[in-house]
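J.: Got a sequence here, can you model it:
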Amino acid sequence: MSESSPSPASRPKGEPRFPGGPAPDPAGSHHERRIRSFQPRRSRVTTGQGEALRRLWPKWGLDIDGKRTLDLDDLFDGLPVVLEIGFGMGEATAQMAADDPETGILAVDVHTPGQGNLLGLADQNGLTNIRVANGDAIILLREMLAPESLDGLRVYFPDPWPKKRHHKRRIIQPEFLSLAATRLKPGALLHCATDWEPYAEQMLEVLTAHPDFENTQEDGGYAPRPDFRPLTRFEGQGLDKGHVVHDLLFTRRAEPQAGD
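T.: Predicted coordinates:
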């Protein structure tokens, strides 16, 4: 069994858990008051994950503080950049980065073990086209990315918030799409995937209705899983249980659809 990082009780008061690593609340809880589409998970960080955070965060990590605009050309040495929101433990992200080294992946999550795991995978496999961002993806999009700076956006298996009273927390909403559209280049691909049928239906509905996006499928429906999206362990477990995974592939229109 892997050892965990030192407990809070074993650290002097006020000392950060991972010096030089991701901040606990990078934008500050005072930054704004709004409904969040994510819920930070506090779970065990292994020794390896903690070591990766301490050693690699200064090189490949960044906190979403909302205080600056990122220079993606500088951050990724001129590569085209795809934003991935929510990467879990990072296995699929690392695989996509390895399969396509000519594309930079800006991977965002708030799950500390996953951040450490992805940094470790990048290091072990010599992947230099991954950067890990810690914090709220909405603040990143709105405050820290320039207009039309992204070549793609991936949202794989976001929290479905299954209870009806929580549906307003789902990230794929018209307001989010309007913001994302301003940061995507014309023709850029927005790729969503979910194994929660009601959420898939909502995604398809709001994407189809949005004037800035166009379905890549002629029939206006779901897309087959593209080869570039790996089958994740989580997804495989769901498929074994009979879950149906839906992929949605939409492109950013150069101009809003006439009449909208």
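J.: only C-alpha atoms for contact and neighbour calcs from this point on.
T.: Will do.
J.: contacting residues around residue 106?
T.: 81, 82, 83, 84, 130, 131, 132, 133 (CA atoms under 8 Å, 6 or more residues apart in numbering).
J.: and the third one, what are its phi and psi?
T.: This points to residue 83. Main-chain dihedrals, residue 83, degrees, to the nearest 10: phi -90, psi 130.
J.: for the helix or strand of the chain with the lowest mean pLDDT, which positions count as buried?
T.: Least confident helix or strand of the chain, by mean pLDDT, DSSP states H and E, is helix 233-240 with a mean of 81. In terms of neighbour count (16 or more other CA atoms under 10 Å), helix 233-240 has its buried residues at residue 235.
J.: One more: stretch 155-173?
T.: 155, 156, 157, 158, 159, 160, 161, 169, 170, 171, 172, 173.
J.: now the end-to-end length of that stretch.
T.: End-to-end span of stretch 155-173 (CA to CA, to the nearest Å): 12 Å.
J.: Equivalent analysis for stretch 127-135, please.
T.: End-to-end distance (CA to CA), stretch 127-135: 22 Å.
J.: Pull out the buried residues from it.
T.: Buried, per 16+ other CA under 10 Å, within stretch 127-135: 127, 128, 129, 130, 131, 132, 133, 134, 135.
J.: What of stretch 73-89?
T.: 75-76, 79-89.
J.: so where's the protein uncertain?
T.: Within the chain, the segments meeting pLDDT under 70 span 1-17, 19, 28-43, 161, 166, 256, 258-260.
J.: For residue 229, which three-state class applies?
T.: Here residue 229 takes the coil state, with states given by DSSP: H, G, I helix; E, B strand; the rest coil.
J.: distance of it from residue 84?
T.: Following CA to CA, the distance that separates residue 229 from residue 84 is 12 Å.
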